[in-house]
Every structure is written in C-alpha cells, then in structure tokens.
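In: Fold the following and give me the result.
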Amino acid sequence: MFAAGNVLTGKGNIKDSLESGTEIGTRVAEAYLGLSGEELKIAQAARKEAATSGENIAGAMSARQKIAPEGVAKLLHRVRDLERASRLRRQLPRMAPK
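Out: Numbers count the residues shown, from 1 in each chain. The predicted structure is shown next:
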C-alpha cells in the first residue's frame with residue numbers, strides 16, 4: 001500500500017504514503033467486492049474472466065469420465081499416506097538431537 005500511496009501523493013513521506021495507500025486499497029477492495037456504489041471497470045473484467053474460467057472448468061469436469069468408488073478410495077488412501085509422510089518429514093528435524 002505504501003507504493004500505491006507514494007505514487008498517488010508523489011511524496012517521500014512514509015506516513016502520508018501509507019495513509020493514501022490504505023485509502024486506495026480500501027476503495028479498490030470495496031468496489032471490487034461490490035460493497036460501494038462505485039463501479040470499478042477492472043472488477044467487471046475480472047468477474048467476466050472468472051465466470052468464463054469457471055464455465056470452462058465445469059465443462060471440462062462434466063466431460064471427464066467419473067472415477068469408480070474403488071478408485072476414489074484408493075486415491076484418498078494415497079493422499080492420506082502422502083500427508084502422513086509429509087508431516088513426518090517436517091517433524092524429523094525438530095526430533096533430531098542438537
């Protein structure tokens with residue numbers, strides 16, 4: 001936010017730049033989320049792009065062959081094994097004597 005505020009104010013003052021940047025960030029976020037009456041063209045474009053991407057993903061998912069229940073069970077078992085192995089790898093350095 002400091003950089004955005006610095007661009008807006010043109011000042012090298014960190015406090016002023018942070019305040020301006022916070023104001024800009026808040027306005028952009030509120031407009032993007034539709035919380036203000038302000039229209040944000042960037043938000044409209046991003047929403048359209050997100051909707052198009054979502055439709056493409058949904059189309060690709062519905063065209064795929066469904067995984068049989070046994071395949072889902074095997075996949076979940078494999079994921080759980082990998083999660084356990086990952087947790088163990090993260091814990092090993094803490095368990096080692098110093």
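In: make it CA atoms for all contacts and neighbour counts henceforth
Out: OK.
In: what's the distance between residue 27 and residue 21?
Out: Distance, residue 27 to residue 21, by C-alpha to C-alpha, to the nearest Å: 10 Å.
In: Please say which of these two ends up with more neighbours.
Out: residue 21 (21 against 16; other C-alpha atoms under 10 Å).
In: For residue 14, see how far away the more buried one is.
Out: In terms of C-alpha to C-alpha, residue 21 sits 10 Å off from residue 14.
In: Got phi/psi on residue 37?
Out: For residue 37, the backbone dihedrals (degrees, to the nearest 10) come out as phi -80, psi 0.
In: For it, give me its contacts.
Out: Residue 37 sits next to residue 31 when contact means C-alpha atoms under 8 Å, 6 or more residues apart in numbering.
In: repeat that for 10 Å
Out: 30, 31 (C-alpha atoms under 10 Å, 6 or more residues apart in numbering).
In: Local confidence estimate at it?
Out: For residue 37, the pLDDT comes out at 79.
In: what's the answer for residue 85, then?
Out: For residue 85, pLDDT reads 89.
In: what's it in contact with, if anything?
Out: Contacts for residue 85 were tallied using C-alpha under 10 Å, 6+ apart; they are 79, 91.
In: For residue 23, identify the helix or strand it belongs to.
Out: Using DSSP states H and E, residue 23 sits within helix 14-32.
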